[in-house]
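Enquirer: this is the structure alone, sequence omitted:
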């Protein structure tokens, strides 16, 4: 995202996550504030990711979506699930959004969108 105000919001989100973890009210407000910049920049994948993440956090009070794996190995799947960290995964997603000009990052954001859409509690 190129807008300087959007970059400031992204930095605030990352700083808050790093220092305090997921604080639902603050995080939801920041994500909602960031989303219009994605819409303005005509970045539908990012706008969708921000909307889905916001809705997920509002409903579950956490970010229960693991970082997408390149090629998960079946035996290691249980290990990956047990080592899952919601704060790190959300920080990873926000960093992808921060550098969304990279086509590989957009693909990973799409994977997050799929996981958020398919999430079952």
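Expert: Okay, I see it. Given the structure is predicted, the values throughout are model-derived calculations rather than measurements.
Enquirer: next, residue 5: secondary structure please.
Expert: For residue 5, the assignment made with DSSP: H, G, I helix; E, B strand; the rest coil gives helix.
Enquirer: my bad, residue 68
Expert: Assigned with three-state DSSP, residue 68 falls in the coil class.
Enquirer: do the same with residue 101
Expert: coil.
Enquirer: what's the neighbour count on it?
Expert: Applying other CB atoms under 10 Å, we find 10 residues neighbouring residue 101. Every C-beta, even on glycine, is put in place using the N, C-alpha and C of the backbone.
Enquirer: how near is it to residue 46?
Expert: Per CB to CB, to the nearest Å, residue 101 is found 11 Å from residue 46.
Enquirer: next, the contact list for the spatially most central residue of the chain, please.
Expert: With distances taken as CA atoms, centre = their mean, residue 93 lies nearest the centre of the chain, 3.4 Å away. Applying CB atoms under 8 Å, 6 or more residues apart in numbering to residue 93 gives the contacts 49, 53, 63, 65, 109, 112.
Enquirer: biggest separation within these, which pair?
Expert: Spanning the widest gap among these are 63 and 109, at 14.0 Å by CB to CB.
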